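Enquirer: any chance you can model this:
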Amino acid sequence: MDKASQLIHSGLSPAAESAANERLRLYYQPRPAENTREEILTGLTANPRRIAPKFFYDSKGAALFDQITRLPEYYLSRVERQIFRQHSKDMAQTVGRGRVLIEPGSGSSEKVTMLLDAFRPAAYVPLEITESHLLRASHQLVMQYPWLSVHGICADYSSNIPLPDTLPDAPRLLFFPGSTIGNFEPTAARIFLGHLHDACGDDGALLIGVDLRKKSNILNAAYNDSAHVTAQFNLNILDHTNHLADGNFNRDFFRHLAFFNDDESRVEMHLESLKSQTVTVAETPLYLEAGERIHTENSYKYSIESFQAMAAEAGFKPRRFWVDPAGWFSVHLLDAA
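Expert: Numbering: from 1, shown residues only. Now for the predicted structure:
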């Protein structure tokens, strides 16, 4: 990757900061602004209109999503944490210690802290599109774990997994929790799993969280919380679009809409126009009818068998999986060989 390495300045004492920075490297892979504008405009002029979910994550969106993971209705993070707390030692014994632990879409790196002591990786490599999250989490980790080396990468990982050539020469373990794989359309999910497979290397593995099918009332509640945090998260994508693509969306003229589509086995999130209106994005006028929707996210729900079949198509060999007692969520260990 085309990268520039720099140390992160923490505001700590010079000695403490120097010790931490010896174990911390940061890499950037900038995305050209014109590519972002073009991608956003292409989605908004499609039929149906859409905005890719990766554009949820400016600093405000990332903070809102952290709030979502702590909501009582949002079972995904709570149940996945339960699996990691209960099975992290078993996972580490199965995988083995000393791997390079790589986490695309690391966010606040909260879940990986449940694995670090058990896995004792040769290095931790968070990839995160939101720079403020990456900086904060990477620095906290090197201070919390005096033995840990962190190679933080600020990049869009959705189409490839950019890795620097400075990583330790050790087997790789990719970590992709949160059922983020469910945000991809099935064909795109298979392609993305192929990217993860390539990044694993010959002797690598993937530890991935996958949400399972369940009753629709549980799913609908998870994406329509009573505190309306998910609604604010969804609407914030309009503000981020305005910033990235010179738009003039007014979020007050849209409402959050989320529901489980049983035929497609996915939760869908949309923004519905509350009136007929014209907005401008990237110097292009867009007319929206009252009731017209912008599709912002899918969250596909799998069975154990359907996910493992898809992973096998991408070259992975299932080794183990762990499920919570209610059978709501699963964590899979897949070998790249």
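Enquirer: all strands of this protein, in order?
Expert: 24-28, 49-50, 100-104, 123-128, 150-154, 172-176, 205-211, 254-261, 266-273, 277-281, 284-288, 293-300, 317-323, 329-335 (DSSP state E).
Enquirer: where in the protein is pLDDT low?
Expert: Low-confidence regions of the chain, defined by pLDDT under 70, span residues 1-21, 32-33.
Enquirer: per-domain residue ranges of it.
Expert: With domains defined by automatic domain parsing, the chain comprises 14-29+65-214+302-335, 36-52+216-300.
Enquirer: ok, the closest residue to Q140 other than its chain neighbours - contacts?
Expert: The shortest distance from Q140 to any non-neighbouring residue, by Cβ to Cβ, 6 or more residues apart in numbering, is to S109 (7.7 Å). Bear in mind the C-beta positions are built from the backbone N, C-alpha and C, glycine included. Counting by Cβ atoms under 8 Å, 6 or more residues apart in numbering, S109 touches E103, Y124, P126, A137, S138, Q140, L141.
Enquirer: what do you get for N248?
Expert: By Cβ under 8 Å, 6+ apart, the residues touching N248 are N242, V279, T280, V281.
Enquirer: want to throw those residues into TSV with neighbour count and distance to R78?
Expert: Output for those, formatted as TSV (neighbours: other Cβ atoms under 10 Å; distance: Cβ to Cβ, whole Å):
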residue	neighbour count	distance to R78
N242	17	33
V279	20	37
T280	14	41
V281	22	37
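Enquirer: what segments of the stretch 1-150 of the chain are helices?
Expert: Along the stretch 1-150 of the chain, the stretches classed as helices by DSSP state H, counting those that start in this stretch are 14-21, 33-44, 59-68, 75-95, 116-119, 131-144.
Enquirer: P325: which of the ones you listed is closest?
Expert: helix 75-95 (8.6 Å; Cβ to Cβ).
Enquirer: dump the closest one to PDB, restricted to CA.
Expert: The C-alpha coordinates for helix 75-95 follow below in PDB (Å, rounded to 0.1, in the frame of the first residue of the first chain):
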ATOM      1  CA  TYR A  75     -28.700  -8.000  21.100                       C
ATOM      2  CA  LEU A  76     -25.900  -8.500  18.500                       C
ATOM      3  CA  SER A  77     -23.100  -7.000  20.400                       C
ATOM      4  CA  ARG A  78     -24.300  -8.200  23.800                       C
ATOM      5  CA  VAL A  79     -24.600 -11.800  22.700                       C
ATOM      6  CA  GLU A  80     -21.400 -11.800  20.800                       C
ATOM      7  CA  ARG A  81     -19.500 -10.500  23.800                       C
ATOM      8  CA  GLN A  82     -21.100 -13.300  25.800                       C
ATOM      9  CA  ILE A  83     -19.700 -15.800  23.400                       C
ATOM     10  CA  PHE A  84     -16.200 -14.300  23.600                       C
ATOM     11  CA  ARG A  85     -16.200 -14.100  27.400                       C
ATOM     12  CA  GLN A  86     -17.300 -17.800  27.600                       C
ATOM     13  CA  HIS A  87     -15.100 -19.200  24.800                       C
ATOM     14  CA  SER A  88     -12.100 -17.000  24.300                       C
ATOM     15  CA  LYS A  89      -9.600 -19.400  25.900                       C
ATOM     16  CA  ASP A  90     -11.000 -22.300  23.900                       C
ATOM     17  CA  MET A  91     -10.700 -20.100  20.700                       C
ATOM     18  CA  ALA A  92      -7.100 -19.300  21.600                       C
ATOM     19  CA  GLN A  93      -6.200 -23.000  22.200                       C
ATOM     20  CA  THR A  94      -7.800 -23.900  18.800                       C
ATOM     21  CA  VAL A  95      -6.100 -21.000  16.900                       C
END
